[in-house]
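Colleague: make a model of this:
(6 chains)
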Protein chains: 4
Amino acid sequence: MVVRERGRGRARGRRQDVLGHVVEVMIERGFHQTRFKDVAEASGVAISTLQVYFSTREDMLVEALRTSTRAEVDSMRAEVGELTDPWDQLAGLVDRGFATPVPVWRMLMEFWTAAAYDEALRADSHQLQASYRAPFEAVLNAGIESGAFRTRHEVAVITDLIVTTLDGLLYPRVLAQPQPAVQDLRDLLLDQLRVTLGVAR
Amino acid sequence: MVVRERGRGRARGRRQDVLGHVVEVMIERGFHQTRFKDVAEASGVAISTLQVYFSTREDMLVEALRTSTRAEVDSMRAEVGELTDPWDQLAGLVDRGFATPVPVWRMLMEFWTAAAYDEALRADSHQLQASYRAPFEAVLNAGIESGAFRTRHEVAVITDLIVTTLDGLLYPRVLAQPQPAVQDLRDLLLDQLRVTLGVAR
Amino acid sequence: MVVRERGRGRARGRRQDVLGHVVEVMIERGFHQTRFKDVAEASGVAISTLQVYFSTREDMLVEALRTSTRAEVDSMRAEVGELTDPWDQLAGLVDRGFATPVPVWRMLMEFWTAAAYDEALRADSHQLQASYRAPFEAVLNAGIESGAFRTRHEVAVITDLIVTTLDGLLYPRVLAQPQPAVQDLRDLLLDQLRVTLGVAR
Amino acid sequence: MVVRERGRGRARGRRQDVLGHVVEVMIERGFHQTRFKDVAEASGVAISTLQVYFSTREDMLVEALRTSTRAEVDSMRAEVGELTDPWDQLAGLVDRGFATPVPVWRMLMEFWTAAAYDEALRADSHQLQASYRAPFEAVLNAGIESGAFRTRHEVAVITDLIVTTLDGLLYPRVLAQPQPAVQDLRDLLLDQLRVTLGVAR
DNA sequence: TATGAATGAGCCTTCATTCAT
DNA sequence: GATGAATGAAGGCTCATTCAT
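Modeller: Residues are numbered from 1 along each chain as shown, chains lettered A, B, ... in the order given. Take a look at the predicted model:
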């Protein structure tokens, strides 16, 4: 029923479209450098219309970050769930993390740096972290329960290690730093996890 | 050498002082939110004087980031070198990383996010990364040569793992996220490194 | 005549209602500070509907002032006429002026200040003044004809004195100035009028 | 020493000049219609400079009103003092009031209407009223003490009557209303005051 | 008739920068 | 060398108004 693009609810869809453009612009120019003008040009929507949609520039940017980061984590969580073997699932999650495209890293960078100066966004970032960690902890717990994993470390700590390492990829990827070599790093990390979880090679 | 405090030297000293204030302000307000006005107020130096010192706002901020990040890495490298046992040295470096104070993380965050949009700063960041990695690689190589470490992984990759994990602490610390539990994470990381390097508990 | 509440009549009634709200808002915020938005919120009518009613913001405000000031003077004129003794009538008019409530003063203030910058409103203000003066002149003339008043001054000038004094109350009342003391002022004014009109105490 | 128009204190004089232009513009366009742009054009000073001088538009307007109203009252008070006979002094003050030029009335109108919506200005208006009333009360008291005036009314009330009547001239003058006839009104007012004060014709 | 959607015009404000002292 | 004065450029925001339903 895309046909009824005209009528009272038309603005709703356009608003959503714009949010996508906001993220694009933000990735290209950075949070604080993103002007209404930029988004207007990128989206073809008049500045004043943007203000009707989002009230304030800050609100626009924040909403864009909120929705896109949430969507990103949701898509990750959806993507796993299909595998059944605990180790495969874990490795899948890790691989997903290593495969994060640079634009997504940039978006996260904008989100987190903005959060460093914004109380509300910081709270959001905590929620986001919890959402991101959940699948890891779930898989680890499932593996332990099923006997596939055996470890003397706490699930939370193992998750810490994985997630922290993945987060540590952000700047190297965004800044195109020569190190780390992701493939080798990924192999080493999984190697160590096998030892830690008592999984045969 | 207090003598050259007058003449050209005095201005140089004042300039250096100002750079410290620039970093302070930048940590508090963020790179793009740091105005001449803020630095003038923090340092007690008139705006026009700041411009005499640094020409442009961007130049001022970039110089401040460059010098302070370099100083930070230099101080870290100086701090090690005293221990003799390879494992102790490695653990020392790791502990140093875990002990990084939040303000330093914030400074790094500003540096790296700025670098994401600035070619020159990005080059700087590559140099900085090399400087930061060097002591880790040196210790690892020394340990291998002395027979203290035995591993089938490349030194560069092991360094990748350590450094990436440490970098991954940045946002959690800056954003005061509940996870990771640094102490436990540190223990797990060292545990795994012991296995990887064939070091007895 | 509730019947013509539907059709063209209903809109007319709603329009009238809105005019009342316009005056309310104008008294609270001032002529030039009164936005469509304010009136829309106060009246529960959509902005675009207001524009259908009144075309332009200025038109809306002007119409509201015109109708409300006229209504105010009309009500005053209606209120008198009942007393028979000329002096009582005159005193009644004066008392009515002294009893003018602050909101009415504010409305007049908005009307007159707007008129200072609007030719059409200024013409209205002249008409209004004439309407307001008429009862005073009528009473004075009647009193003179009946022999109740004896004076060597012209009726118009006496009216001037009364009306000007009453007008002079506007800002003190609106601004809640400590002076004048209205009761005492009223007594003194009437005292002097007795002398001027040759009326015994 | 007008010569040192250049140097550190140059801005001071320019600022004062601008305030005059602000009043001019305000008289012509009204308080709320006075834009930075208008003042910039009238004074030849750049908008941003105006903001350096006065910070905010509102501040600029308020300061202009404050200083000009004060100056106006001061000049009135200075102008009297020269006469010696109490009645002549009183009549002089009244005549001064009747002679108030329309631009001054407009300025007062702007001041008072602005004060109606601004707490701080309202306080100013109270002060201004006190300053304006003072000479009237002084003359009345002096006349009573010297025996030139004899009255059973309080000085404050007589002052109320005079000042209120004068204030009542504001809108008629600003709006060029046909009434009152100022000369006749002035004569009647003075006639009545003679009676009230027991002064022979 | 009534209203939601969209937009351009205009204004205040912040800020870096130039200039003169 | 250091600083106050002045200004242009640019962005956010408010608001009236037009258009389509």
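Colleague: which helix or which strand is home to the residue of chain A at minimum distance from DNA strand E?
Modeller: Closest contact between chain A and DNA strand E, by Cβ to the nearest atom of the strand, is at residue A:48 (2.8 Å). All C-beta atoms are positioned from the backbone trio N, CA, C, and that covers glycine. Following DSSP states H and E, one finds residue A:48 within helix A:47-54.
Colleague: rewinding a little: the residue of chain A closest to DNA strand E: neighbouring residues, count only.
Modeller: If you count neighbours by other Cβ atoms under 10 Å in any protein chain shown, residue A:48 ends up with 10.
Colleague: and it, how close does it get to residue A:35?
Modeller: Distance, residue A:48 to residue A:35, using Cβ to Cβ, to the nearest Å: 14 Å.
Colleague: could I get the buried residue list for stretch A:127-141?
Modeller: A:128, A:129, A:131, A:132, A:133, A:135, A:136, A:138, A:139, A:140 (16 or more other Cβ atoms under 10 Å in any protein chain shown).
Colleague: mind putting these into CSV with secondary structure?
Modeller: As requested, the buried residues of stretch A:127-141 are exported to CSV (DSSP: H, G, I helix; E, B strand; the rest coil):
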residue, secondary structure
A:128, helix
A:129, helix
A:131, helix
A:132, helix
A:133, helix
A:135, helix
A:136, helix
A:138, helix
A:139, helix
A:140, helix
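Colleague: out of those residues, which one sits closest to chain B?
Modeller: Nearest to chain B out of those is residue A:129 (Cβ to the nearest Cβ; 5.3 Å).
Colleague: for that closest one, give me its contacts.
Modeller: Contact analysis of residue A:129 by Cβ atoms under 8 Å, 6 or more residues apart in numbering or on different chains lists A:163, B:172, B:177, B:178, B:179.
Colleague: and those residues, which are buried?
Modeller: A:163, B:172, B:177, B:179.
Colleague: surely the third one and residue A:124 touch.
Modeller: No - under the contact definition of Cβ atoms under 8 Å, residue B:177 does not touch residue A:124, with a separation of 11.2 Å.
Colleague: can you list the low-confidence ranges for chain A?
Modeller: A:1-10, A:81-82 (pLDDT under 70).
Colleague: ok, which stretches of it are helices?
Modeller: Remark: helices assigned in chain A by DSSP state H are A:10-29, A:36-43, A:47-54, A:57-79, A:86-98, A:102-115, A:119-145, A:155-167, A:170-174, A:182-197.
Colleague: mind listing what the closest residue to residue A:67 other than its chain neighbours touches?
Modeller: Distances taken as Cβ to Cβ, 6 or more residues apart in numbering or on different chains put residue A:19 closest to residue A:67, at 5.9 Å, once the chain neighbours are dropped. Listed by Cβ under 8 Å, 6+ apart, the contact set of residue A:19 reads A:63, A:64, A:67, A:68.
Colleague: change it to 10 Å
Modeller: A:39, A:43, A:53, A:54, A:60, A:63, A:64, A:65, A:66, A:67, A:68, A:71 (Cβ atoms under 10 Å, 6 or more residues apart in numbering or on different chains).
Colleague: wouldn't residue A:176 be in contact with residue B:112 here?
Modeller: No - under the criterion of Cβ atoms under 10 Å, residue A:176 makes no contact with residue B:112, lying 11.9 Å away.
Colleague: which residues do these two both contact?
Modeller: With Cβ under 10 Å, 6+ apart as the test, residue A:176 and residue B:112 both reach B:122, B:125.
Colleague: which of the two has more residues huddled nearby?
Modeller: residue B:112 (25 against 11).
Colleague: for burial, what's the neighbour tally of the residue lying closest to the more buried one once chain neighbours are set aside?
Modeller: Distance criterion Cβ to Cβ, 6+ apart; nearest residue to residue B:112, sequence neighbours excluded, is residue A:171 at 4.7 Å. Using other Cβ under 10 Å, residue A:171 has 25 neighbouring residues.
Colleague: residue A:171 contacts residue B:132, correct?
Modeller: No - counting by Cβ under 10 Å, residue A:171 sits too far from residue B:132 to count as a contact (11.8 Å).
Colleague: how many neighbours does residue A:94 have?
Modeller: Neighbour count of residue A:94, defined by other Cβ under 10 Å: 19.
Colleague: re the thing from before, could I get the helices of chain A as a markdown table with distance to residue D:76?
Modeller: What follows is those, written out as a markdown table (distance: least, Cβ to Cβ, whole Å):
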| stretch | distance to residue D:76 |
| --- | --- |
| helix A:10-29 | 60 |
| helix A:36-43 | 52 |
| helix A:47-54 | 50 |
| helix A:57-79 | 51 |
| helix A:86-98 | 81 |
| helix A:102-115 | 59 |
| helix A:119-145 | 56 |
| helix A:155-167 | 75 |
| helix A:170-174 | 71 |
| helix A:182-197 | 84 |
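Colleague: quick one, which of the ones you listed is nearest to residue C:155?
Modeller: Of all the helices of chain A, the one in closest proximity to residue C:155, counting by Cβ to Cβ, is helix A:47-54 (58.8 Å).
Colleague: next, residue A:45: phi, psi?
Modeller: Per-residue torsions, residue A:45: phi -110, psi 140 (degrees, to the nearest 10).
Colleague: if you count contacts, what does the helix holding residue A:48 end up packed against?
Modeller: Counting contacts by 3 or more Cβ pairs under 10 Å, 6 or more residues apart in numbering or on different chains; DSSP states H and E, helix A:47-54 is packed against helix A:10-29, helix A:36-43, helix A:57-79.
Colleague: ok, residue A:171 to DNA strand F distance?
Modeller: Residue A:171 sits 26 Å away from DNA strand F, going by Cβ to the nearest atom of the strand, to the nearest Å.
Colleague: residues in contact with that residue?
Modeller: Here residue A:171 is in contact with A:105, A:109, A:177, B:108-109, B:111-113, B:115-116, B:125, B:129, B:164, B:167-168, B:170-171 (Cβ under 10 Å, 6+ apart).
Colleague: may I see the ChimeraX selection of the buried members of those?
Modeller: For the buried members of the contacts of residue A:171, the matching ChimeraX selection, counting by 16+ other Cβ under 10 Å, is:
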select /A:105,109,177 /B:108,109,111,112,113,115,116,125,129,164,167,168,170,171
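Colleague: tell me how many other residues crowd the residue lying closest to residue A:154 once chain neighbours are set aside.
Modeller: Nearest-residue entry for residue A:154: residue B:184, 7.1 Å, with adjacent residues in sequence omitted and distances by Cβ to Cβ, 6+ apart. For residue B:184, the neighbour count with other Cβ under 10 Å is 16.
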